[in-house]
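Novice: Turn this into a structure:
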Amino acid sequence: MNYTEVDRVAALAALISWAERRKNLSSDRADLMAVAWRTGTRNVAELARVARVSRDTVYADLAARGVDPGKRDDESAENLPEGEGVLSPDAVRAVGELADTITMRAYAHAPSDPVVSSARAATRALTLVADVLDPPQDQGPGWTSEELLRSLADEGSALNHHAARALAEREKPDKLAAAADLRRRAVLNTGRHGTADGVEVTVSVPAGSAVKVRFDRDGTGWTTLAGDSPLIDGPVDNLDHLEVGAALAILGRVVTRHLTESALVEPNREALPEMPPPRTRVIPGNED
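Specialist: Okay, here's the model as predicted:
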């Protein structure tokens, strides 16, 4: 592969930038350690694991920022120094710009990859969060917080769609059905939430007529679809199943907010379905 002089200079600039940042690594780490402590992470072992340093280093960093680990109750998120711990639009925008440089290149290489498309949607969402926190004042109409929040919700929907596409490509229908059934039983057994097991919708089609479509679940948890018109045809595939499930989950949440106390019961813990083990991440330690 042939590299140009521009490539060489860019690589040197990145190396110089890293060397400059290295001077401040310890100071930056101490700042971040103190913020983590003040916002509620009061476990020295957890801080050491996440930062990949020794416990002694955690104690030293906290002491350098005036934090006494022996006094766990005198600092809280409500008593942070002014501006500390607040979601900063500039910081979020910087993260979004960094993510954009990574995901845009990946998208140019593999625009049909659903995971890459998910990453692009997440990147756009980060930028929109920054704009919601600090709406641009010089971009013309359409940049109010309310309008930006609508766009943020749209990006959330796009992220859900692309993630569902990825899962639909990798998982088998019987496992998707079993997961949907398990999720339904888990929600019901809380005693405090309802589930939407099926719904009938009226769909206006471009041909100018309206058709009724019924979505249900069979005994395995798989989604079924039936229409009252020959304009509706074709079997339910993996992506259909996942997206209908997401729509039913939303409807279930909406209806739950309108349930009276008479519709709710105490959780039946003995009948709770066996859930998958919690996902954990092992981070190797580093004794400085």
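Novice: just for the stretch 1-150 of the chain, where's the confidence low?
Specialist: Residues of the stretch 1-150 of the chain that meet the criterion pLDDT under 70 lie in 1, 12, 16-24, 72-85.
Novice: Recalculate using a threshold of 80.
Specialist: 1-28, 39-40, 70-86 (pLDDT under 80).
Novice: What segments of this structure are helices?
Specialist: 5-23, 25-38, 44-51, 55-64, 89-109, 114-133, 145-170, 173-188, 238-256 (DSSP state H).
Novice: tell me what the shortest one is packed against?
Specialist: On a contact count with 3 or more Cβ pairs under 8 Å, 6 or more residues apart in numbering; DSSP states H and E, helix 44-51 meets helix 25-38, helix 55-64. Every residue, glycine included, has its C-beta placed from N, CA and C.
Novice: For that helix, report the contacting residues that lie outside it.
Specialist: Applying Cβ atoms under 8 Å, 6 or more residues apart in numbering, the external contacts of helix 44-51 come out as 29, 32-33, 36-37, 41, 54-55, 57-59, 69, 283, 285.
Novice: pLDDT of stretch 263-275, averaged?
Specialist: For stretch 263-275, mean pLDDT rounds to 77.
Novice: Let me fix that, I meant to ask about stretch 279-288.
Specialist: Rounded mean pLDDT across stretch 279-288 is 55.
Novice: Without its sequence neighbours, what residue ends up closest to the residue nearest in space to the middle of the chain?
Specialist: Closest residue to the average C-alpha location of the chain: A122 at 7.9 Å, with Cα atoms, centre = their mean. Closest residue in space to A122, ignoring its immediate chain neighbours: L159 at 5.8 Å, by Cβ to Cβ, 6 or more residues apart in numbering.
Novice: How many neighbouring residues does the one you found have?
Specialist: L159 has 19 neighbours, counted by other Cβ atoms under 10 Å.
Novice: List the residues that contact it.
Specialist: S118, A121, A122, A125.
Novice: Redo these as a markdown table? Include distance to S229.
Specialist: Listed next are the contacts of L159 as a markdown table, based on distance: Cβ to Cβ, whole Å:
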| residue | distance to S229 |
| --- | --- |
| S118 | 34 |
| A121 | 33 |
| A122 | 38 |
| A125 | 37 |
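Novice: H241 contacts A178, doesn't it?
Specialist: No: assessed by Cβ atoms under 8 Å, H241 is found out of contact with A178, at 11.6 Å.
Novice: who's more crowded, the two?
Specialist: Each of H241 and A178 has its neighbours counted (other Cβ under 10 Å); H241 has more, 24 against 14.
Novice: so what's the more buried one up against?
Specialist: A168, P173, L176, A177, A180, W222, T223.
Novice: Grab the nearest non-local neighbour of the first one.
Specialist: What it means is A168. In space, A168 is closest to N238, 3.6 Å off (Cβ to Cβ, 6+ apart).
Novice: what's the burial count for the one you found?
Specialist: 20.
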